[in-house]
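Trainee: Next input, structure requested:
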Amino acid sequence: MLNNIEDKVTLANGVTMPRLGLGVWQAAPEDTINAVKTAIETGYLLIDTAKAYGNEAEVGEGIKAGLAATGKKREDLFITTKLANADQGYESTLANFQASLDRLQLDYLDLYLIHWPVAGKWAETWRAFEKLYNDGKVRAIGVCNFTEATMQSLIAQSEIKPMVNQIEYHPLLQQPELKQYLDDQGIQAEAWSPLGGTGGNLMSNSIIGDVALKHHKSPAQVLIRWDLQNGYVTIPKSVHPEYIRANADVFDFELDSDDLQQLTTLDQHLRTSYWLTSFDWYTGDEQ
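Mentor: Here you go, the predicted structure:
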């Protein structure tokens, strides 16, 4: 049973990654510093941001504040950011990696991710990721929003296999075939929008509500626990201290087989955010 906020998974290269973290997508810069500080004070070790979120600098300030408040060290944390779509390409990737480090006020990253598979760019972008990894500037490298088709293509052209694929995942979008493929490849799946984003209405779903009532937990806590028990790293977002703390209070209960089956029935293949097929820069088998 997962029973601690410090529980970790071991990536393919031996690096350990916390199972639960704080996401800051759509967190306003003015709210981000305190959210990150609160998360670190609560015991979160994983903080996930991206250049495209526009809050890397505030994440960096929040990290400084959190470390000062808790006495933790930089190496206790696991910090992720992502390369923006417009910045893909070999030389541009190297330059923008350093710019992200500077905004975060860090000397290295724990995980660097390609944010989306930009057509005609992600192969050379990945070569730059491999260089950053081989040069010791990042402890692990991976991707976001890659399908099985794009992942297969990337692996075929790579010397180093991605260690993480961060994808949208919640009961309304479960993608079991993609998860099985990632498991078979030794690639860790990570969930973004684990609470269903703005389009899923999962907080008011009656099945989730009944499971939450059974365990004396909130719907959000049930969803986070569901991610963890299904083998995902998960990064629920909040800027409210009470929710940040509540989202971490998921290690004193366990969903049983009936709970898991009920949540599985909710799959609608529903993406609650934009998806890569909306963009003309995507190429692949799925249109």
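Trainee: who are the neighbours in contact with the residue sitting furthest away from the middle of the chain?
Mentor: What lies farthest from the middle of the chain is residue 214; by C-alpha atoms, centre = their mean that is 28.2 Å. For residue 214, the contact set (C-beta atoms under 8 Å, 6 or more residues apart in numbering) comprises residue 259. C-beta here means a position set from N, CA and C on the backbone, and glycine is covered the same way.
Trainee: What strand or helix carries it?
Mentor: helix 206-215 (DSSP states H and E).
Trainee: which helices and strands does the helix or strand immediately after that helix in the chain pack with?
Mentor: Next along the chain after helix 206-215, taking DSSP H and E as the criterion, comes helix 219-229. Under the contact definition 3 or more C-beta pairs under 8 Å, 6 or more residues apart in numbering; DSSP states H and E, helix 219-229 sits against helix 206-215, strand 233-234, helix 241-247, helix 257-264.
Trainee: Identify all contacting residues around the third one.
Mentor: This means helix 241-247. Under the criterion C-beta under 8 Å, 6+ apart, residues 20, 22, 34-35, 38-39, 42, 44, 218, 220-221, 224, 236, 238 lie in contact with helix 241-247.
Trainee: And what about residue 191, helix, strand or coil?
Mentor: Using DSSP: H, G, I helix; E, B strand; the rest coil, the structure places residue 191 in strand.
Trainee: Apart from its neighbours in sequence, what residue is nearest it?
Mentor: Once flanking residues are discounted, residue 191 sits nearest to residue 169: 3.7 Å by C-beta to C-beta, 6 or more residues apart in numbering.
Trainee: pLDDT score assigned to the residue lying closest to residue 144 once chain neighbours are set aside?
Mentor: Nearest residue to residue 144 in three dimensions, chain neighbours excluded: residue 166, at 4.2 Å (C-beta to C-beta, 6+ apart). According to the prediction, residue 166 has pLDDT 97.
Trainee: Likewise for residue 120?
Mentor: The model reports residue 120 with a pLDDT of 87.
Trainee: Spell out the secondary structure type for it.
Mentor: Secondary structure assignment for residue 120 (three-state DSSP): coil.
Trainee: cool, and the one 3 residues further on?
Mentor: Each residue gets one of three states, and residue 123 gets helix by three-state DSSP.
Trainee: coming back round to it: output the helices and strands packed on helix 219-229 as CSV; include the columns distance to residue 95.
Mentor: As requested, those are arranged in CSV below (distance: least, C-beta to C-beta, whole Å):
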stretch, distance to residue 95
helix 206-215, 44
strand 233-234, 28
helix 241-247, 33
helix 257-264, 43
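Trainee: where does the stretch 101-250 of the chain have low pLDDT?
Mentor: 197-200 (pLDDT under 70).
Trainee: mind listing what residue 10 touches?
Mentor: Applying C-beta under 8 Å, 6+ apart, the residues contacting residue 10 are 16-17.
Trainee: now the strands for this protein?
Mentor: Here the chain has its strands, by DSSP state E, at 8-10, 16-18, 21-23, 46-48, 78-83, 111-114, 141-144, 164-168, 188-192, 233-234.
Trainee: Output the ones you listed as JSON lines; include the columns distance to residue 2.
Mentor: Formatted as JSON lines, these follow (distance: least, C-beta to C-beta, whole Å):
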{"stretch": "strand 8-10", "distance to residue 2": "10"}
{"stretch": "strand 16-18", "distance to residue 2": "11"}
{"stretch": "strand 21-23", "distance to residue 2": "14"}
{"stretch": "strand 46-48", "distance to residue 2": "14"}
{"stretch": "strand 78-83", "distance to residue 2": "16"}
{"stretch": "strand 111-114", "distance to residue 2": "20"}
{"stretch": "strand 141-144", "distance to residue 2": "22"}
{"stretch": "strand 164-168", "distance to residue 2": "18"}
{"stretch": "strand 188-192", "distance to residue 2": "14"}
{"stretch": "strand 233-234", "distance to residue 2": "11"}
